Every structure is written in structure tokens, then in C-alpha cells.
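In: This is the structure alone, sequence omitted:
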Ligand SMILES: Cc1ncc(COP(=O)(O)O)c(C=O)c1O
């Protein structure tokens, strides 16, 4: 699936929720169930320190596609990470760099991704793009 | 009954009507504002004063001959006198207007640069707002003085025997907050000031958290410096005061150069203005200073005794109700504390609880509350902090408890 297709799929899923509770319960459940990162990558180097919650991100590439794994100490943050990773993982670096992430707005995640929120998620999206740029230069 | 006479029948529901913001909704729910330790809300009486200033007599102070400037200067200086009386300072010129607590602390720390030498010691407490430890660390770097820390116990109380042991003839300054923002502990400042003076050390008390709850008598306390912020006590942001004993303020060099703080200027030599202007360089927050005076009038019209009685009831009730929630742990259980409750529930991250509560219109603080050393002591990343003011109600606490239970259900 392309990044756009994944985004549309996520938007579809979220449109079924009636209220904030269902939306949040879904994100919390995602946060609880997903094993997101190999413990050995939860290093100081891979940590993004938000004032409120911590985020770890790791990337590797195989067959010209990047795979992201990540984690957070807060469950809601972790649930959001799971959604972000679903959109960006297993994609070509060039597509990640060029991606327009309109789904964030559409599914009501914008408040969590505001730069003033200090939960590490904004830096995480930035970090995902930086990894993509780095891997793209390897491919060139 | 005069306007300033204390309400005899204290009624939070009536008082709430003074605060327009308390009528608003957040995420479709009536706002419940429990983040008062970060900033308090502003009553209409104070908002009106700000609007009146800008609508009717906005002008620069201390320099114009024209009427507006005179009116503005009078109002600003009247506010200074009001503040002097409220805190019971001996002289109005011992009240320096600042941008807030942080500014006042930096002003004192900077002033002590020229008074300290290598081998001198500064004592701070383990309960400080961490950004307020930085000015003292910088002062130590500049002068070669050493920073000593008074440790706390499991309840979040300072260990006074350790404080006594730290005091010696090298101690030049003691810095302590009156009330801890993270835990709500009320520190025994009267005792600490008395003991510090025995070794000749000056004491600076950070009143940011106590000014909305306790009306201090600065002369009776015999404190050397006291700082606070208007926004913690129903006033506007960006204004506060530094109180200093006259003899200390004369000893300290000016902090910033600029207009208002000089008597005569030539390229060879400038002589500084008298107190308080020596420390008030540039155009100050005039509307803020005047509104600070109005906030003090407002708080006194409610009455600090009423405030303390009522807030204690809120604290007791909330503590009791919170402890009924399974797995809930309160940090900061000092015998003497104000209406601040820091807690965690099981292993749930404070950020998750805070996010869900916000969805239900409830504003609390989550995180380390700028008190990382305290969080490190308890080995936790942070807490949820609910802090109450006299305009909060028992019903709000009930709604908060129900919301918390729901958050726990969603998150476990
Ligand atoms: C104990 C304490 N000191 C200082 C401050 C800083 O006050 P301001 O930001 O108004 O300078 C605060 C505010 O959070 C505080 O709680």
C-alpha cells in the first residue's frame, strides 16, 4: 500500500468512532498491544525527550524500504506512535520524504502533534523524515 | 460594611461569579480548573482595572508633566503602597516591581556577585523549583562560592537538623520557598530565618506559591528578601515584586542599566537613582503593577483567613476521596501543607491521565513540575498535580474523582 492508501484506511477506521472515548480507547488499546521496539534500541541515543513523555525511535532499511520501530513510556503516546508507524513503515525513503500527512488532521491527532505539547511526537515525525533523508542519500 | 471588609459568609458559588473564565467549556464540558499552582484565574475586578488603564490613562510614568502621565504614576505608586501594606514592609521603596518571581531571584543572585568570595556558602532547599536553582549555580560559578542543599524526608518535609548542621560562619545566603510548588509543603521559614541570622546569613524567601494562601508579615518574619508573582494571586502575568530590607537594597548594585534607574548621566560617570528606581530600569509593566494592587484588594476582600479555612476543607476532602482510589499514592504528605495534591495511580503515566482528564474539561498539571530533584528522590518521572483555590468547589472535586476513575478504567 502507498502512504496515501494507508492514510485513507486509517481515516476510514477513525470515522467509525462516535466520540472521543471510542477514539481514545482505540489508541490506548493499540498502545497496549503492540510490541514496538527491540529493547536493545531503547538507548539514550534513540530517545526523544519530551517534557511530558519519552519516545524512542529506531529505523533500518531492507529492500530499499525503511522499517520503523518505536516506543514510549506513556500509553496514549504509544498508541499514536503505532498509527504513525503504520503510515510510514515499509515505505521507500523518497515517498516518506514527500509524504503529505493529512490524516493527522483528519483523525483528530493534531492536538497531540502540536509543537507545544512536549510529548516528543513532533520530534518523532521530524526524526522519521530525517531517517528517510539519510537512507535516501545512501540509495543515491 | 466597607468594600474591603471580609465576607463573613464565605460562599464559593458567589465568588465564582467574579471569574468569567470559570463559565467556559473545554471539550464540551464545563471547565474545572485545578491548575492554580501554575497560574490562578483573574476576577472581573482585576480585568476591569487593566481595561480602565488602557482605556483612560495609559501613559509613561515618572517622566511626563502632563496629566495622563501624572495619573498613571499616581496609580502605579498607589499600587506599590498597597503592596507594601499587604506584606507589611517598613517602606514603600523596599518594594521593587519585577517581571515576576524568577526575575526577582535573578536580581538578588546577580547583586550578590559583588558581595561573595571563594569559600562562601549558599544554602538552597531540595524542594526548590529547579529553574530557581540555576541562578545560584551561576552565582557560585562567578564567585567561587559553594552551593549546599537541605535534604527532605519521605513526606516532603525539609530535614531541619540537616539545615542546622549546614549553617556556619561561611553561610552568606539561604534561599528557600515558603511553599513547595510540587508537593505543597509549607516550610518553617520563621525558624529558618532566625537560625540563618544567628550566623549572619541573609535569607531570600520565594513566596510564589504562598502568596495566594498566606499573608506574610515581612517585618515580623525579619526576612531579608521576599519575591512573588501577581499571577499566582489573581493578578496578571508578567509582574511581581522583590521586597528587600532597605539596608540590603542599598548594598546591592543595580541589575540592569536604562531609563528610570539613573539620577545623572554623563559619559564619565552615572549616579544611580534612589530606591526603588535603582532596580526599575526601563518602562515597567504599568498596567500590570496597578492590576497587582487591585488583585491584592480583591484577595483581601475575600479574606486570607476565609481562604485558608475553605481551602483546607477542599484539601482534606480531596485527599480523603483520592485515597479511596485503588493504587493511588500521594507524594508530599507533610503535616503542614496547602491545597496542592501530587499523586500517581499504579503504573499509569501521568501524561495519560492528564490527557483523558482534559477531554473531560478538567485542567491539572502533569509532569515533573520543574522540580526534577524531587521526582528523582521518589524515583518517578512525574506526577499528576491538582491544586485548588478558594473559587473551587466540593462538587468539582466529586466530578474530578469520577473522571479519574473513568480514566483509570480506560487506561488499565
Ligand atoms: C515556587 C515557585 N517559584 C518560582 C516560580 C516562578 O514564577 P514566575 O514564573 O512567575 O517567575 C514558580 C512558578 O511556577 C513557583 O511555583
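Out: Here it is on my side, so go on. What you are looking at is a predicted structure, and each value in this text was computed from that prediction instead of being measured.

In: buried set for the strand or helix carrying residue B:248?
Out: Applying DSSP states H and E as the criterion places residue B:248 in helix B:246-251. Of all the residues in helix B:246-251, those buried under the rule 16 or more other CB atoms under 10 Å in any protein chain shown are B:248-249. Where C-beta positions appear, they are placed from N, C-alpha and C, glycine not excepted.

In: packing partners for the next helix or strand after it?
Out: Tracing the chain C-terminally past helix B:246-251 and defining elements by DSSP H and E, one meets strand B:262-265 next. Counting contacts by 3 or more CB pairs under 8 Å, 6 or more residues apart in numbering or on different chains; DSSP states H and E, the secondary-structure elements packed against strand B:262-265 are strand B:270-272.

In: and the worst-scoring helix or strand of chain A on mean pLDDT, how far out from the chain's middle?
Out: Lowest by mean pLDDT, DSSP states H and E among the helices and strands of chain A is strand A:47-49, with a mean of 78. Centre-to-centre, strand A:47-49 and its host chain are 14 Å apart (CA atoms, centre = their mean, to the nearest Å).

In: what lines up beside it in the sheet?
Out: strand A:54-62 (antiparallel) (DSSP bridges).

In: what's the angle between the helix ranked longest in chain A and strand A:54-62?
Out: Scanning chain A for the helix with the most residues, using DSSP state H, yields helix A:121-139. Angle, helix A:121-139 to strand A:54-62, by axes from the mean of the first three to the mean of the last three CA atoms, to 10 degrees: 20 degrees.

In: Could I get the average pLDDT for helix A:121-139?
Out: Helix A:121-139 shows a mean pLDDT of 89.

In: does any bit of that helix sit next to chain B?
Out: No: using CB under 8 Å from any CB of the partner chain, helix A:121-139 stays clear of chain B, with a minimum separation of 11.1 Å.

In: first to last residue in stretch B:232-245, what's the distance?
Out: Stretch B:232-245 has an end-to-end distance of 23 Å (criterion: CA to CA, to the nearest Å).

In: What helices and strands are in contact with the helix holding residue B:248?
Out: By 3+ CB pairs under 8 Å, 6+ apart, helix B:246-251 packs against no helix or strand.

In: Packing partners of the longest helix of chain A?
Out: strand A:47-49, strand A:54-62, strand A:65-72, helix A:75-88, helix A:93-98.

In: Tell me where the model's unsure across the chain.
Out: Let's take chain A. A:35, A:50-51, A:114-119 (pLDDT under 70).

In: I was thinking of chain B, sorry if that wasn't clear
Out: For chain B (pLDDT under 70), the answer is B:1-9.

In: List the residues that contact residue 46.
Out: Using chain A. For residue A:46, the contact set (CB atoms under 8 Å, 6 or more residues apart in numbering or on different chains) comprises A:56-58.

In: nope, chain B please
Out: B:234-236, B:291, B:294-295, B:298.

In: among those, which are in helices?
Out: Judged by DSSP H, the subset of the contacts of residue B:46 located in helices is B:291, B:294-295, B:298.

In: Also near the ligand: which of those, exactly?
Out: Near the ligand, judged by CB under 6 Å from any ligand atom, there are no entries from these.

In: Pipe those into a markdown table and attach neighbour count and distance to residue B:308 per row.
Out: Below are the ones in helices among the contacts of residue B:46 laid out as a markdown table (neighbours: other CB atoms under 10 Å in any protein chain shown; distance: CB to CB, whole Å):
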| residue | neighbour count | distance to residue B:308 |
| --- | --- | --- |
| B:291 | 29 | 24 |
| B:294 | 26 | 22 |
| B:295 | 30 | 17 |
| B:298 | 22 | 16 |
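
In: quick revisit: with the contacts of residue B:46 in mind, which one is nearest to residue B:325?
Out: residue B:234 (30.9 Å; CB to CB).

In: returning to that earlier point: so which of the helices and strands packed on helix A:121-139 is nearest residue B:176?
Out: strand A:47-49 (29.2 Å).

In: and residue A:22, how many neighbours does it have?
Out: 12 (other CB atoms under 10 Å in any protein chain shown).

In: ok now do the closest residue to residue B:225 other than its chain neighbours, which residues does it touch?
Out: Sequence neighbours aside, residue B:204 is the residue nearest to residue B:225 in space, at 4.0 Å (criterion: CB to CB, 6 or more residues apart in numbering or on different chains). Each residue near residue B:204 by CB under 8 Å, 6+ apart is listed here: B:105, B:108, B:173-176, B:223-227.

In: Pull the residues that contact the host helix or strand of residue B:410.
Out: Using DSSP H and E, the element containing residue B:410 is helix B:394-411. Applying CB under 8 Å, 6+ apart, the contact partners of helix B:394-411 are A:21, A:24-25, A:28, A:75, B:32, B:34, B:313-314, B:317-318, B:321-322, B:325, B:345-346, B:348, B:352-353, B:356-357, B:360, B:362, B:386, B:388.

In: 6 Å - rerun?
Out: A:25, B:32, B:317-318, B:321, B:345, B:348, B:352-353, B:356-357, B:360, B:362 (CB atoms under 6 Å, 6 or more residues apart in numbering or on different chains).

In: Could you pull out the buried residues of that helix?
Out: Across helix B:394-411, burial judged by 16+ other CB under 10 Å covers B:396-397, B:399-401, B:403-404, B:407-408, B:410-411.

In: Next, the buried residues of stretch B:210-218.
Out: B:210-216, B:218.

In: ok, it near the ligand or not?
Out: No: using CB under 6 Å from any ligand atom, stretch B:210-218 stays clear of the ligand, coming no nearer than 8.5 Å.

In: ditto for stretch B:97-104
Out: Yes: counting by CB under 6 Å from any ligand atom, the ligand has neighbours in stretch B:97-104: B:100-102.

In: Endpoints of stretch B:335-348, how far apart?
Out: Note: stretch B:335-348 ends 27 Å apart using CA to CA.

In: from the chain's centre, how far out does that stretch sit?
Out: For stretch B:335-348, the distance to the chain centre is 19 Å (CA atoms, centre = their mean).

In: how about the nearest residue to residue B:42 once chain neighbours are set aside, what does it touch?
Out: Nearest residue to residue B:42, sequence neighbours excluded (CB to CB, 6+ apart): residue B:234, at 6.0 Å. Contacts for residue B:234 were tallied using CB under 6 Å, 6+ apart; they are B:40, B:43, B:295, B:298-299.

In: And the residues you listed, which is closest to the ligand?
Out: The ligand lies nearest to residue B:40 out of the contacts of residue B:234, by CB to the nearest ligand atom, at 11.0 Å.

In: And the residue lying farthest from the centre of chain B, how far from residue B:278?
Out: Residue farthest from the centre of chain B, counting by CA atoms, centre = their mean, is residue B:268 at 40.5 Å. Separation of residue B:268 from residue B:278 (CB to CB, to the nearest Å) stands at 19 Å.

In: quick one: the spatially most central residue of chain A and residue A:27, what's the gap?
Out: Among the residues of chain A, the one closest to the centroid is residue A:84, at 2.6 Å (CA atoms, centre = their mean). As judged by CB to CB, residue A:84 and residue A:27 stand 11 Å apart.

In: likewise residue B:304?
Out: Counting by CB to CB, the gap between residue B:304 and residue A:27 amounts to 45 Å.

In: Looking at the two, which one has more neighbours?
Out: Shown here are residue B:304 and residue A:27; by other CB under 10 Å, residue A:27 has more neighbours (24 against 16).

In: Just the strands from the stretch 301-412 of chain B, written as ranges.
Out: In the stretch 301-412 of chain B, strands defined by DSSP state E, counting those that start in this stretch lie at B:328-331, B:340-345, B:362-363, B:365-367, B:383-387, listed in chain order.

In: is the fourth one up against chain A anywhere?
Out: This points to strand B:365-367. Yes: interface with chain A: strand B:365-367 contributes residue B:367 (CB under 6 Å from any CB of the partner chain).

In: other SSEs contacting that strand?
Out: Applying 3 or more CB pairs under 6 Å, 6 or more residues apart in numbering or on different chains; DSSP states H and E, we find strand B:365-367 packed against helix B:350-359.
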